[in-house]
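>>> Just need the structure, nothing else, for what follows:
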Amino acid sequence: MKTALLPGSFDPITNGHVDIIKQAANLFDRVAVLIMTNSTKHYLFSVDERMEFVQDAVGTIANVRILKKPDELTINAAQELNATVIVRGVRNSTDFLYEQQIAAMNKMLAPNIETILLFTKPQESFVASSIIKEVARFGGDVTAFLPNKAAKALKEKMKNIDEL
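Below is the predicted model:
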């Protein structure tokens, strides 16, 4: 059985993320969606909140399990889970160049683990969690880009930020 690891920060999970997870679930026997932390990012939601949003969005997909390993190197998590593939989503050429660098580093660290890039749907190609948060921060409606639970939580979080 082929296990794929699909890491991400998911702050919050977008419909583009959901699309990539569904694509991976159709390609692999098992998909471990891993909630992680990128030390260069500042997070709006806690690891537990992000896990809850991912669970709500894709938790019913039979061959997908959701895990959190916020303080672990992706390649180490892949080895622990016996994943033979790391799946990453790509929206555009900027994502591709970034993912190419990460894939090269991962290949140096673990030559037996491959990286597969999956492309988002065209209508999701401009959607990024950082852009979604910025639009929401200034009152824009982002419900078309997020699963319901994440959209509601983001709206509430922004309301609370505005009240400070």
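>>> Can you list the neighbours in contact with the helix or strand of the chain with the lowest mean pLDDT?
Here the helix or strand of the chain ranked lowest by mean pLDDT, DSSP states H and E is helix 148-163, holding a mean of 86. Around helix 148-163, the neighbours that count as contacts under Cβ atoms under 8 Å, 6 or more residues apart in numbering are 12-14, 44-45, 49, 52-53, 56-57, 132-133, 136-137, 139, 142-143, 145-146. The C-beta positions use only the backbone N, C-alpha and C, and glycine is treated the same way.
>>> ok, 6 Å please
Contacts of helix 148-163 from elsewhere in the structure, counted by Cβ atoms under 6 Å, 6 or more residues apart in numbering, are 12, 13, 53, 56, 136, 137, 143.
>>> which residues in this structure form strands?
3-8, 30-35, 64-68, 85-90, 114-119 (DSSP state E).
>>> In a markdown table, list the ones you listed along with mean pLDDT.
Listed next are the strands of the chain as a markdown table, based on pLDDT from 0 to 100:
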| stretch | mean pLDDT |
| --- | --- |
| strand 3-8 | 98 |
| strand 30-35 | 98 |
| strand 64-68 | 97 |
| strand 85-90 | 98 |
| strand 114-119 | 98 |
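>>> ok so, going back, show me which of the contacts of helix 148-163 is closest to residue 128.
Sorting these by distance to residue 128 puts residue 12 at the head of the list, at 11.3 Å, by Cβ to Cβ.
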